[in-house]
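K.L.:
Below: sequence and its predicted model.
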Amino acid sequence: MALQLSDIALSISPSATLSLNATVALLKQQGEDVISMGVGEPDFDTPVHIRKAAKEAIDAGKTRYTDVKGIPELRQAVADHIYAHKHLRYSKDEIIVSSGAKQAIVLALQSIINPGDEVILPAPYWISYTEMIKIAGGKPVIITTVPETEFLPTPEQLEAAVTERTKAIIINSPNNPTGNIWPRELLAAACELARKHDFFIVSDEIYEDLCYDGYSQISPAQISDDAKQRTILVSGFSKAYAMTGWRMGYASGPLFAIKAMGSIQSHMTGNPNSITQYAALTALTASQDCVVDMAHSFARRRTLLLFLLAQNGLRPGVMPKGAFYMLLDVRHYLGKKCGDVVIDSDLKFAQMLLEKAFVAVIPGAPFGADGFVRMSYAVSDIQITEAVRRISSFVQSLE
């Protein structure tokens, strides 16, 4: 009998963003001037005081195992940070620190899902959610949304997605890839459904500090006491503090769920990186001016991108209110030709744009956004300007 992989391993799709990054890296090695608007990563260096804290931790010998859930002072700092920003009170025992927000979401799903349980997932969604649900043995239940509702589900759609197997809903606000923010009324409707049908809420709030035009992020846990007791709130340091490679995230929630996540983490990885924990502690407890400055830069870049797109007759799928992403509507170009190649999908559009114009964007289909591509404006003003020029020239060349 031939050796076989597990059903779960065979069901998992590779990350479209990581595949794109590999292609971009290869083109750059070949000397091509590629502008990558596909990466979900700030282009800023980690602030100096955070890097200094990591060096000091190394010199102080803080390189040994820590508590599996994270050092107590960092978990307390996370609890204090959440209270200061959201007026939600958690004890440090209701906090777990993990190797990135991605791991925190996986831990949350593995802690609550049994084989065959369903997880409601409004589209567009972050690429990894569907695969994370599958890894935990669950089934994603996709809610299809449209630009006319700003890619937000309606309360009726949420209700229709609930079955006797529903175990959780994943809410991501500000959203990757749309940049949209869930309004309080919609969050309240989702929380009421969770109460009525008794299921969990996993709230990915990694972009909470990146909101524009006076909008602000609201956590489902802020809606009611009941919602707080069934919400696992996930966030981290990668976006707001430009600490993507440091791999540091956290989750807060009901004690029984956090304990379960800690048990799983103890066997998967043990404690998260000790040095990064001390850097993260400084990130939370020092001045937050760096966060504000980076958010202002992203807001300015968003305005520039919107202006340039409008100037060139290119349409965003929805006005982004947060994060640093935008969906570009490419439905008008489907069916057209680039030379002898028919642009029959957003995937083909992204492939030909990269091949012909050397601009990297992410196809919308893996996000549940067919006919759109995701653009990240976590790049310089010069790159944004040149990228839009190249995209405009590319679409004008289609026949």
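P.N.:
Yep, it's here. Numbers count the residues shown, from 1 in each chain.

K.L.:
Which other helices and strands does the lowest-mean-pLDDT helix or strand in the chain contact?
P.N.:
Lowest on mean pLDDT, DSSP states H and E among the helices and strands of the chain sits helix 16-29, with a mean of 77. Judged by 3 or more C-beta pairs under 8 Å, 6 or more residues apart in numbering; DSSP states H and E, helix 16-29 is in contact with strand 35-36, helix 346-357, strand 359-360, strand 362-363. For glycine as for every other residue, the C-beta is placed from the backbone atoms N, C-alpha and C.

K.L.:
Now do the first one: everything it contacts.
P.N.:
Right, the one you point to is strand 35-36. Applying C-beta atoms under 8 Å, 6 or more residues apart in numbering, the external contacts of strand 35-36 come out as 20-21, 24, 358-360, 379, 383, 386-387, 390.

K.L.:
Leaving out the residues flanking it, which one is nearest to the spatially most central residue of the chain?
P.N.:
In the chain, the C-alpha nearest the mean C-alpha coordinate belongs to residue 176, at 5.1 Å (C-alpha atoms, centre = their mean). Distances taken as C-beta to C-beta, 6 or more residues apart in numbering put residue 126 closest to residue 176, at 4.7 Å, once the chain neighbours are dropped.

K.L.:
Kindly report the same for residue 174.
P.N.:
residue 322 (2.9 Å).

K.L.:
count of residues packed around that neighbour?
P.N.:
27 (other C-beta atoms under 10 Å).

K.L.:
Just grab the bridge partners of it for me.
P.N.:
Counting by DSSP bridges, residue 322 is bridged to residue 211.

K.L.:
Show the contacting residues for it.
P.N.:
Residue 322 makes contact with 173-175, 179-181, 207, 210-212, 215, 217 under the criterion C-beta under 8 Å, 6+ apart.

K.L.:
ChimeraX command for the buried members of these?
P.N.:
Remark: buried members of the contacts of residue 322, expressed as a ChimeraX selection using 16 or more other C-beta atoms under 10 Å:
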select :173,174,175,179,180,181,207,210,211,212,217
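
K.L.:
Pick the one among the contacts of residue 322 closest to residue 197.
P.N.:
Among these, residue 173 lies closest to residue 197 (C-beta to C-beta), at 20.8 Å.

K.L.:
Touching, the closest one and residue 182? I think so.
P.N.:
Yes. Applying C-beta atoms under 8 Å, one finds residue 173 in contact with residue 182, separated by 4.0 Å.

K.L.:
what residues are shared contacts of the two?
P.N.:
With C-beta under 8 Å, 6+ apart as the test, residue 173 and residue 182 both reach residue 218.

K.L.:
can you list the weak-confidence ranges in this structure?
P.N.:
The model of the chain has pLDDT under 70 over residues 1, 16-19.

K.L.:
residue ranges of the helices in it, please?
P.N.:
Taking DSSP state H as the test, the helices found in the chain are 7-11, 16-29, 48-59, 72-86, 101-112, 127-135, 155-161, 184-197, 225-230, 255-268, 274-285, 289-311, 346-357, 381-397.

K.L.:
and stretch 117-134, how far apart are its ends?
P.N.:
By C-alpha to C-alpha, to the nearest Å, the extent of stretch 117-134 from end to end equals 10 Å.

K.L.:
so how far is it from its chain's centroid?
P.N.:
12 Å (C-alpha atoms, centre = their mean, to the nearest Å).

K.L.:
next one: stretch 252-267
P.N.:
For stretch 252-267, the distance to the chain centre is 21 Å (C-alpha atoms, centre = their mean).

K.L.:
Same question for stretch 89-102.
P.N.:
The chain centre lies 17 Å from the centre of stretch 89-102; the measure is C-alpha atoms, centre = their mean.

K.L.:
buried sites along that stretch?
P.N.:
Buried, per 16+ other C-beta under 10 Å, within stretch 89-102: 90, 92, 94-102.

K.L.:
Give me the residues contacting stretch 152-167.
P.N.:
Here stretch 152-167 makes contact (C-beta under 8 Å, 6+ apart) with 112-114, 116-120, 122, 138-139, 141, 143, 145, 169, 180, 182-183, 186, 189-190, 193, 197, 199-200.

K.L.:
ok, for residue 279, nearest residue in space, not its chain neighbours?
P.N.:
residue 54 (4.1 Å).

K.L.:
The contacts of residue 322 into JSON lines, with extra columns for distance to residue 64?
P.N.:
Formatted as JSON lines, those follow (distance: C-beta to C-beta, whole Å):
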{"residue": "173", "distance to residue 64": "38"}
{"residue": "174", "distance to residue 64": "37"}
{"residue": "175", "distance to residue 64": "39"}
{"residue": "179", "distance to residue 64": "41"}
{"residue": "180", "distance to residue 64": "43"}
{"residue": "181", "distance to residue 64": "41"}
{"residue": "207", "distance to residue 64": "33"}
{"residue": "210", "distance to residue 64": "35"}
{"residue": "211", "distance to residue 64": "38"}
{"residue": "212", "distance to residue 64": "42"}
{"residue": "215", "distance to residue 64": "43"}
{"residue": "217", "distance to residue 64": "36"}
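
K.L.:
Counting neighbours, what do you get for the residue nearest to residue 279?
P.N.:
By the criterion of other C-beta under 10 Å, residue 54 has 21 neighbours.

K.L.:
one step back: among the helices of the chain, pick out the one with the most neighbours on average.
P.N.:
Sort the helices of the chain by mean neighbour count, taking mean count of other C-beta atoms under 10 Å, and helix 101-112 sits at the top with a mean of 24.

K.L.:
What is the burial count for the closest residue to residue 137 other than its chain neighbours?
P.N.:
Among residues not flanking residue 137 along the chain, residue 115 sits closest, at 4.2 Å (C-beta to C-beta, 6+ apart). Burial of residue 115 is recorded as 8 neighbouring residues (other C-beta under 10 Å).

K.L.:
Next, find the distance separating residue 40 from residue 329.
P.N.:
20 Å (C-beta to C-beta, to the nearest Å).

K.L.:
wait, doesn't residue 218 sit right on residue 187?
P.N.:
Yes. Using C-beta under 8 Å, residue 218 is in contact with residue 187, at 6.0 Å.
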